[in-house]
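Visitor: below are the sequence and a predicted model; questions follow.
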Amino acid sequence: MNVSVFDLFKIGIGPSSSHTMGPMTAAARFIREVQERGQLAQVARVTVDLYGSLALTGKGHATDTAVTLGLAGWLPAQVDPDAAAKLIDEVRQQGKLTLAGSHAVEFRIDRDIHWHYKESLPYHPNALTLRALDAQGGSLHVGTFYSVGGGFVVTETEAQSPAALATGPAIPFPFANAAELLEVAEREKLSIADVMLRNECAVRSEQEVRSGLDHIWNAMSTCIDRGLRQEGVLPGGLSVKRRAANLRATLEERERNKKADPLIAMDWINAWALAVNEENAAGGKVVTAPTNGAAGVVPAVLRYYDRFCDGTQQGRHIFLLTAGAIGSLYKRNASLSAAEMGCQGEIGVACSMAAGGLAAAQGGANGQIENAAEIGMEHNLGLTCDPIRGLVQIPCIERNAMGAVKAIDASRLALMGDGTHHVTLDRVIETMRRTGADMHDSYKETSLGGLAVNVPEC
Ligand code: SF4
């Protein structure tokens, strides 16, 4: 399966790629299938069953509203958060939903979405089943989907037959793991970013790839800047105060007063990462990188490169392509889903991607880039996912700042070496996969362990 840089960096809305964007995409796919079968006009009712982690943390991750928007025909990339909130209010008040934007049925979020807290489906902890019923209650169409992390969705058929996922245009330089990526780059005398670029050009022109990368960076940058201006308390009931705007004001004041501080870059990185993840927690527009919960790491490190390392457009392209290549290795050989891997599969992967991307943008050789990516993950191994009340707020928001700072450190360490190192990136990815498999379910996006149960809520 080829994983494109545009699969990993997708524009959508918060707070979660697996619990918000994935279920929305699944519901939109389901209702499109009903339409394509010519059954939409006969539908009188739709029901949704949420299983496993989707049920356990879905309320905090807005899974119910995401599914409702998907049934209305919305896709994450098109969502205007204000218009979405208005539509959900109307559905709640009127008890009606216009499926695919064209056929109104009775729909009550509290009645028609069922939460199966104690039941999981075998393929993946994030599962949902949708049913379209006629006026007599007869089944017109049923679909089961899995939200497998980072906004990726697979159907029951695709889950049972991985070959169904392997379709797509042939790419010039396929690679299944980091060793093959380094080998192909060495053989062709290309950088990792160039290998990724050539593969991307199998489906779109180079100009389209480059303008797509600019579009991603603009969306990331807009998200940072918006987050830096917002104040107040985040939704969800935990009373978490937004901090990014205050941090920005303090740092600008220090800069105006020309107060010398050798670590001011680090404070800015913290502010940028918090800004993105506060936006995410508020249901704003973000870019998966590779997930929503970890959406602040790559933008904060890329903004650091831009502002503190004399960044260029070419350098940003190298950064994103390299980070995409690294992210694709985790997607292929482990998982981006916290419900399978814990937070190592979100913040850990984001840190690894950002470390490799920064090393590449700063002129690192392929071996140094691979080393940076490996360090970025090695020191996130075992990181659990235990969000308080299932909200992507504590520890998630701050964790992005930690991940960004760690990524920069990993990149600097690697760039000061010659690329030779003891643990390969492939070995650390496999270690992450095994650690995730061994990790108790309480620590895998269920809010049944860790901070989620050890911090009393006021
Ligand atoms: S703890 Fe990590 S993996 Fe879990 S929701 Fe928060 S950011 Fe995502």
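Guide: Received the coordinates, thanks. Here the structure is a predicted model, which means the values were calculated and not measured. Residues are numbered from 1 along each chain as shown.
Visitor: find the centremost residue of the protein, please.
Guide: Thr291 (1.1 Å; CA atoms, centre = their mean).
Visitor: what sits against that residue?
Guide: Counting by CB atoms under 8 Å, 6 or more residues apart in numbering, Thr291 touches Ser16, Ser17, Ser18, Gly149, Gly150, Gly151, Leu336, Ala338, Glu346, Val349, Ala350. For the C-beta atoms, the positions are set from N, CA and C on the backbone; glycine is no exception.
Visitor: for the ligand, give me its nearest residue in the stretch 201-350 of the chain.
Guide: Closest approach of the stretch 201-350 of the chain to the ligand (CB to the nearest ligand atom) occurs at Gly293, with a separation of 2.6 Å.
Visitor: please enumerate the strands of the stretch 101-250 of the chain.
Guide: 103-106, 113-116, 126-133, 139-149, 152-155 (DSSP state E, counting those that start in this stretch).
Visitor: what's the closest of those to the ligand?
Guide: strand 139-149 (9.6 Å).
Visitor: okay, buried residues for that closest one please.
Guide: Leu140, His141, Gly143, Thr144, Phe145, Tyr146, Ser147, Val148, Gly149 (16 or more other CB atoms under 10 Å).
Visitor: and the ligand, is it touching that?
Guide: No - counting by CB under 6 Å from any ligand atom, the ligand is not contacted by strand 139-149; separation bottoms out at 9.6 Å.
Visitor: by contact count, what packs against that strand?
Guide: If contacts are counted by 3 or more CB pairs under 8 Å, 6 or more residues apart in numbering; DSSP states H and E, strand 139-149 sits against helix 22-36, strand 126-133, strand 152-155, helix 156-160, helix 338-341.
Visitor: out of these, which gets the lowest mean score?
Guide: Among these, helix 156-160 has the lowest mean pLDDT, at a mean of 88.
Visitor: domain-wise, how is the protein divided?
Guide: 17-165, 178-454 (automatic domain parsing).
Visitor: and of the strands of the stretch 101-250 of the chain, who's closest to Gln78?
Guide: strand 152-155 (16.1 Å; CB to CB).
Visitor: just how off-centre is that closest one within its chain?
Guide: The chain centre lies 14 Å from the centre of strand 152-155; the measure is CA atoms, centre = their mean, to the nearest Å.
Visitor: switch to numbering from 113
Guide: All set: I'll call the first residue 113, so the last point we hit is now strand 264-267.
Visitor: listing partners with orientation, what would you give for it?
Guide: As defined by DSSP bridges, the strand partners of strand 264-267 come to strand 251-261 (antiparallel).
Visitor: just to revisit the earlier point, can you tell me which of the domains of the chain is most buried?
Guide: Compared across these, domain 290-566 shows the largest average neighbour count, a mean of 22 (mean count of other CB atoms under 10 Å).
Visitor: same list (the buried residues of strand 251-261) but as a markdown table, adding distance to Asp337 and pLDDT.
Guide: Listed next are these as a markdown table, based on distance: CB to CB, whole Å; pLDDT from 0 to 100:
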| residue | distance to Asp337 | pLDDT |
| --- | --- | --- |
| Leu252 | 46 | 98 |
| His253 | 43 | 98 |
| Gly255 | 39 | 97 |
| Thr256 | 40 | 97 |
| Phe257 | 34 | 97 |
| Tyr258 | 35 | 97 |
| Ser259 | 29 | 96 |
| Val260 | 31 | 95 |
| Gly261 | 28 | 94 |
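Visitor: one step back: turn the strands of the stretch 213-362 of the chain into a markdown table, including distance to Arg524.
Guide: Supplementary listing: the strands of the stretch 213-362 of the chain in a markdown table, determined by distance: least, CB to CB, whole Å:
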| stretch | distance to Arg524 |
| --- | --- |
| strand 215-218 | 56 |
| strand 225-228 | 46 |
| strand 238-245 | 36 |
| strand 251-261 | 29 |
| strand 264-267 | 32 |
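Visitor: right, and those strands - which one's nearest Gly476?
Guide: Nearest of those (CB to CB): strand 251-261, 27.6 Å.
Visitor: now do that closest one against strand 238-245, angle only.
Guide: Compare the direction of strand 251-261 with that of strand 238-245 by axes from the mean of the first three to the mean of the last three CA atoms, to 10 degrees and you get 160 degrees.
Visitor: got the CA coordinates for strand 251-261 in CSV?
Guide: In CSV, the C-alpha atoms belonging to strand 251-261 read as follows (Å, rounded to 0.1, in the frame of the first residue of the first chain):
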residue,chain,number,x,y,z
SER,A,251,-32.9,-3.2,6.6
LEU,A,252,-31.9,-1.5,3.3
HIS,A,253,-28.2,-1.4,3.8
VAL,A,254,-25.6,-2.1,6.6
GLY,A,255,-22.0,-1.1,6.7
THR,A,256,-19.2,-1.7,9.3
PHE,A,257,-16.2,0.6,9.2
TYR,A,258,-13.0,0.8,11.2
SER,A,259,-11.3,4.1,12.0
VAL,A,260,-7.7,2.9,12.1
GLY,A,261,-5.9,6.1,13.1
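Visitor: how distant is it from the center of its chain?
Guide: 20 Å.
Visitor: tell me which parts of the stretch 463-570 of the chain are close to the ligand?
Guide: Looking at the ligand, the residues of the stretch 463-570 of the chain close enough under CB under 6 Å from any ligand atom are Cys497, Pro499, Val504, Pro507, Cys508, Arg511, Glu557.
Visitor: isn't the fourth one up against Leu495?
Guide: This points to Pro507. No - contact criterion CB atoms under 8 Å: Pro507 and Leu495 do not qualify, at 9.7 Å.
Visitor: what about the residue of the stretch 313-462 of the chain closest to the ligand, distance to Met453?
Guide: 12 Å (CB to CB, to the nearest Å).
Visitor: next: Gly185.
Guide: In terms of CB to CB, Gly185 sits 32 Å off from Met453.
Visitor: please consider this matter closed, and thank you.
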